[in-house]
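Trainee: What follows is a predicted protein model with its sequence.
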Amino acid sequence: MNNAENMIAHLEKGDMAGASALYEKVLASSDAEEQFMLGEQLLQLGFLDEARQLFEELLRSFPGEGELSLLLAETLVELDREEEAMLILDEIDDSDPFYTRSLLVLADLYQMQGLYEVSEQKLLQAQQAEPDEPVIKLALGELYLEEGKFLEAIRQYKELEEAGVEEIAGISIQKRLAEAYSAGGAFEESLPHFEQALDDKIDIDTLFMYGFTAFQAGQYKTAAAKLTEAAELDPDYHSVYLYLARAHEMEEDLEAALEAARSGIARDAYQKELFLLAGKLALKRGLEEEGEAHLRESLALDPEYTEAALALNALLMKKEEYEGVLEIASVFREAGSAEPLLLWDAARAAERLEEYKEAAELYEYLYPILNENTEFLAEYGYFLLEDGHRQQALSIFQKLMKEEPLNEEWSELVERLNTDTY
């Protein structure tokens with residue numbers, strides 16, 4: 001057993017002092033093969049500084065050796081010293097057997113920095129050197145997919161598929177094709193590739209993406225089936241339940257939809273969208289108490305969640321709990337984020353509570369914002385009439401008549417206001 005092998009044995013036993021002494025012997029030795037072997041092993045084991053010193057020592061003996069430069073660069077990357085690594089990689093000669101691999105590492109580093117054009121240049125240089133190398137095609141596909149250049153990504157993955165390549169470094173080509181088609185909005189085209197990827201290997205992420213994409217494609221039955229499979233494979237995969245519930249809802253199976261939402265809530269009590277959907281589904285099934293509880297929980301998670309507030313407002317207005325509507329509006333107004341529709345609800349609630357001054361202030365504030373909304377204008381017009389502001393009301397109903405000239409109710413009202421007979 002040489003010093004390098006002996007050092008690894010000491011490391012495996014946890015004898016750091018003994019390992020350190022043996023390391024110093026290898027570093028000081030003139031046995032390049034032993035130093036190289038130990039450097040590779042230490043790199044794999046995560047002893048990065050020790051590996052770096054060995055590769056630097058070897059490069060002093062063998063300057064310009066591409067494999068050593070590549071290993072040193074990879075070690076420096078692991079040490080978060082990317083700029084030094086890039087300088088070393090740039091020095092590898094294009095005649096070196098490891099030149100293409102150095103270009104791939106450089107491309108990856110530039111991609112991580114968001115320098116996509118430079119990354120692409122490096123990959124195209126590598127492809128020029130080795131036109132049929134599958135790893136380069138994959139790297140180009142990955143770069144284009146990250147950039148959002150989905151057609152270019154699909155072209156690279158397609159070439160790999162046509163060459164019979166199924167997987168590289170654990171990456172499924174069928175899965176990548178499916179993801180690229182889906183990300184580019186070609187949802188139906190992506191589905192057969194998801195199916196093929198799942199035939200090759202059952203994977204929770206692929207199952208979820210298949211179901212999600214089928215949902216986007218309007219294939220709700222397929223979406224529900226695949227998302228159910230995902231939930232059964234991993235019940236703690238929280239993302240699945242929102243879209244499973246929505247898929248069942250689109251299939252008009254409200255019972256299954258609500259049950260999916262409940263299952264999701266039981267596993268993730270912090271997803272406001274799931275509480276909102278559960279609330280809406282419960283209300284559709286006539287379960288008002290449960291629906292209100294879910295909606296309030298959604299707002300508790302995000303007090304400025306407008307969609308949940310509007311849904312809860314609708315329920316409170318139906319139950320004539322107008323104070324609750326005003327309380328919700330107050331929270332939003334204090335936060336400076338009140339949506340006009342929330343304030344409209346508040347105006348209606350204040351009017352029902354006969355708090356006419358507050359209602360008038362809200363209607364007046366909303367008028368410049370919602371003056372193209374005929375329903376709002378009609379409500380405001382009638383409120384003004386009841387509040388004794390006939391001329392303002394007349395102006396609003398005249399505006400409404402321009403939008404709907406055949407509305408007999410408004411026409412008669414305008415005529416009566418003009419003739420002072422209202």
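Mentor: Okay, I see it. Numbering: from 1, shown residues only.
Trainee: how near is the most centrally placed residue in the chain to Ala269?
Mentor: Taking C-alpha atoms, centre = their mean, the centroid of the chain lies closest to Ser239, which sits 10.6 Å from it. For Ser239, the distance to Ala269 equals 15 Å [C-beta to C-beta, to the nearest Å]. Where you see a C-beta, it was placed from the backbone N, CA and C, and this is true even at glycine.
Trainee: Just to be sure, Gly114 is in a helix?
Mentor: No: read with DSSP: H, G, I helix; E, B strand; the rest coil, Gly114 is coil and lies in no helix.
Trainee: Distance-wise, check it relative to Glu147.
Mentor: Gly114 is 10 Å from Glu147, by C-beta to C-beta.
Trainee: do the same with Leu281
Mentor: 39 Å.
Trainee: coming back round to it: which one of Gly114 and Glu147 has more residues nearby?
Mentor: Neighbour count, other C-beta atoms under 10 Å: between Gly114 and Glu147, Glu147 has more, with 16 against 10.
Trainee: can you give me the helices for the stretch 151-300 of the chain?
Mentor: Taking DSSP state H, counting those that start in this stretch to define them, one finds helices in the stretch 151-300 of the chain at 173-183, 187-200, 204-216, 220-233, 240-250, 254-267, 272-284, 288-301.
Trainee: Out of those helices, which is closest to Leu27?
Mentor: helix 173-183 (43.0 Å; C-beta to C-beta).
Trainee: And the closest one, what does it pack against?
Mentor: The contact analysis (3 or more C-beta pairs under 8 Å, 6 or more residues apart in numbering; DSSP states H and E) places helix 173-183 against helix 134-147, helix 150-162, helix 187-200, helix 204-216.
Trainee: ok, back up a step: closest to Pro405 out of the helices of the stretch 151-300 of the chain?
Mentor: Set against Pro405 and scored by C-beta to C-beta, those come closest in helix 272-284, at 36.9 Å.
Trainee: Could you tell me which residues within the closest one count as buried?
Mentor: If you call a residue buried by 16 or more other C-beta atoms under 10 Å, then helix 272-284 has these buried ones: 272-283.
Trainee: do the same with stretch 381-400
Mentor: Residues 381, 383-385, 387, 392-394, 396-397, 400 are the ones in stretch 381-400 that count as buried (16+ other C-beta under 10 Å).
Trainee: And for stretch 90-108?
Mentor: Under the neighbour-count criterion of 16+ other C-beta under 10 Å, stretch 90-108 has 92, 96, 98-108 buried.
Trainee: What is the most widely separated pair among those residues?
Mentor: Using C-beta to C-beta, the pair of the buried residues of stretch 90-108 lying farthest apart is Asp96 and Asp108, separated by 18.3 Å.
Trainee: distance of Pro63 from Pro97?
Mentor: The gap separating Pro63 from Pro97 is 16 Å, by C-beta to C-beta.
Trainee: swap that for Tyr356, please
Mentor: Remark: distance between Tyr356 and Pro97 (C-beta to C-beta) = 87 Å.
Trainee: and what of Ala335?
Mentor: Separation of Ala335 from Pro97 (C-beta to C-beta): 63 Å.
Trainee: before we move on, what about Leu233?
Mentor: 44 Å.
Trainee: Then Pro131?
Mentor: According to C-beta to C-beta, Pro131 stands 17 Å off from Pro97.
Trainee: With Glu403 instead?
Mentor: 76 Å.
Trainee: next one: Ala85
Mentor: Distance of Ala85 to Pro97, given as C-beta to C-beta: 19 Å.
Trainee: leaving aside the residues next to it on the chain, what's closest to Ile168?
Mentor: For Ile168, ignoring the flanking residues on the chain, the nearest one in space by C-beta to C-beta, 6 or more residues apart in numbering is Leu138 at 5.0 Å.
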